[in-house]
Every structure is written in C-alpha cells, then in structure tokens.
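In: The sequence and its predicted three-dimensional model are supplied below.
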Amino acid sequence: RMLGALAQRKMATGVLQRVRGGLALAKSGAHPAGQPLVWGRGFATSSSRNREDSWFKSLFVRKVDPRKDAHANLLTKNEESNLYKIQFHNVKPECLDAYNKLCEDVLPSIHADKYYPCELVGTWNTWYGEQDQAVHLWRYRGGYPALTEVMNKLRQNKEFTAYRKERGKMLLSRRNQLLLEFSFWNEPVPREGPNIYELRSYQLRPGTMIEWGNYWARAIGLRQHNREAVGGFFSQIGNLYMVHHLWAYKDLQSREDTRNAAWQEEGWHEVVYYTVPLIQHMDSRIMIPTKASPMQ
C-alpha cells in the first residue's frame, strides 16, 4: 500500500510539473525544439482568444452617463405637458367609405366641444403602406388627467357609444399608442390643403432614445425649408422606444425633391450615418387626409 501511495504521489507531482511548464511556455510563446506543445498550445490559443474577445466586445460597450431624470422629462416640452394618442384602425375593405362617413359625423363634434379637453390633430387614410387603414391623432392638453377626463366623459356620451358599436362592425383590428412630443419639433397645427402626409415610424434599440433626440435636435433645422416638418413624437405606452415623424408634402414628386435636397445640406449625411444604427425596424406610410381632418 505504501508503494502504491508513493507511486500515485509521484504521478501527481509529474502532472503538476507538466502543467506549470505548459503555463510558462504559453506565457513566453516558446517551447523546446522537437517537443510538440499540444496542451500548452491549446491553453495559449484559448487565453489569446479570450483576450481578443474581450477587446473586441469593448468596442461595442456603450458608455452611458448617469442620469437623474426620465427620458420623457429630458426630451419633451415640460411646460405644456401635451399627451398624444395615435390610433391605427384596419377597416374591412368594403366598409371604408362608410367608416369615413361615420368618423366625419362624430369626431369633429368631440373636437369642437369644449367639454372635452382634447383636440383632433388629424385623421387620414393610408394610401401607400397598410391598405384600408385609418390613422387618427389626438392631443390632450394637460396630459394624463385630461385623457382620463375625456375617457370618463365619453362613457356617458350616448352618441359616442353608438358610434363605437357601429364602428366595431367595420373593423378587422385596431391598436393605439400614447405619445409625447419632442421639444425640438413644431407642435402640429391645422393646415390648408391639398397635402399628402408621410408618417415615418422607427422602432429604436432600447436605451438609444436620448441619443436619437440629440441628433435630431440638430437635424430638424435642416428640414424646415418647405414647412414639411409637422410633428415628432415618441411612445410612452404601447410599443416602447417607438418614434413617429410626421411630414407634409404637396405631392409625391414634391416629397422626392424635398428629401433629395436634404442631402445637399451640411450635416444631414452625418445624422443619417449616426442614427441608422439605432434603428431596429422602420416603416413609412403615405396618408391622405379625410374630410374630418383639421390637417388638409
């Protein structure tokens, strides 16, 4: 038994010596001639790869300054506290005309009634993009309390209740989002027509909203020459890290000319270069205002 124990101890000592030798060779990068460094090379390769991986990953680590305020407070017009609701209604194709007529009869009356602290900013049909779709944008001056007040009052409105019931028969699906407006965009106001409108929607990577706002705060001045900039918003409830930019053009050719002209502006290409990596998904709708829309 003693001989067996001595043999095991001697074997263990030999293994430790070989391991130490492998570590030394891995650090030095050299090995004796004629002796293949099988284990040592594996360790050296693994160690080198780990160092390279750490260096490579460090290139993509986003350093974020500590902030003591919410994104919403840093990006919005705090003194106004406007809240927006955008609605997307996918209508049965055979019902689109009847749907538009129903909205024309009901929505402007709510907009004009001072009893409801809300305004219909615009209502459109999607022309290019999702077909047979209606888009409505509402503003609530006073924020969430105004939204709650309107919702409570509409529950008691028999005309609106009947409208919702009839509308439900015409829809395939619907969704909405609550939005705040960027401080550096114009507040959307009524417009005379005729115009077409483009709603460009961007799904940003989480954590990049401040960076997006910093670039666009400088860039929006480059897109004001033809009054094409209508409004810019970001989501608070619904799909998060979602940005909507609303533009107005006389027609599709005017849109093309205006967008091409932006590339001649100093600094515009930098905005595109630095903001594209922040986007996960983007979508564009060309929309036509309905008769009920304050934006024509």
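Out: Arrived safely, thanks for sending. This is a predicted model, so every value here is computed, not measured. Residues are numbered from 1 along each chain as shown.

In: going forward, measure contacts between C-alpha atoms and count neighbours the same way
Out: Will do.

In: who's in contact with A112?
Out: By C-alpha atoms under 8 Å, 6 or more residues apart in numbering, A112 lies in contact with E119.

In: nope, D251 is what I meant
Out: By C-alpha under 8 Å, 6+ apart, the residues touching D251 are 195-196.

In: gap between it and W124?
Out: 15 Å (C-alpha to C-alpha, to the nearest Å).

In: How about residues contacting the strand or helix carrying D257?
Out: Here D257 sits within helix 252-262, counting by DSSP states H and E. Outside helix 252-262, the residues that touch it by C-alpha under 8 Å, 6+ apart are 196, 222-223, 226, 249, 268.

In: Adding neighbour count, distance to S284 and secondary structure, write these out as TSV.
Out: Output for the contacts of helix 252-262, formatted as TSV (neighbours: other C-alpha atoms under 10 Å; distance: C-alpha to C-alpha, whole Å; DSSP: H, G, I helix; E, B strand; the rest coil):
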residue	neighbour count	distance to S284	secondary structure
I196	21	13	strand
L222	17	20	helix
R223	17	17	helix
N226	11	20	coil
Y249	20	14	strand
W268	18	19	helix
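
In: pLDDT check: weakest of those residues?
Out: Lowest-confidence member of the contacts of helix 252-262: N226, scoring 78 (pLDDT).

In: Contact partners for that residue?
Out: T258.

In: Tell me where the stretch 151-296 of the chain has helices.
Out: Residue ranges of the helices in the stretch 151-296 of the chain, as given by DSSP state H, counting those that start in this stretch, are 158-168, 209-219, 252-262, 268-275.

In: Stretch 136-151: which residues count as buried?
Out: In terms of neighbour count (16 or more other C-alpha atoms under 10 Å), stretch 136-151 has its buried residues at 136-141, 143, 146-147, 150.

In: starting at the chain centroid, how far to the helix holding D257?
Out: Computed by C-alpha atoms, centre = their mean, to the nearest Å, the chain-centroid distance of helix 252-262 equals 24 Å.

In: worst-scoring helix or strand of the chain, pLDDT-wise?
Out: Least confident helix or strand, the chain: helix 38-58 with a mean of 44, by mean pLDDT, DSSP states H and E.

In: Please tell me how far I279 sits from M242.
Out: 10 Å.

In: Give the residues shared as contacts by the two.
Out: Shared contacts of I279 and M242, defined by C-alpha under 8 Å, 6+ apart, are found at 202-204.

In: Drop anything exposed from these.
Out: For those, buried by 16+ other C-alpha under 10 Å: 202-204.

In: Reformat the residues you listed as CSV; add pLDDT and distance to K101.
Out: Output for the buried ones among the shared contacts of I279 and M242, formatted as CSV (pLDDT from 0 to 100; distance: C-alpha to C-alpha, whole Å):
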residue, pLDDT, distance to K101
Y202, 98, 31
Q203, 98, 32
L204, 98, 36
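
In: which one among the residues you listed gets closest to M295?
Out: Among the buried ones among the shared contacts of I279 and M242, Y202 lies closest to M295 (C-alpha to C-alpha), at 22.5 Å.
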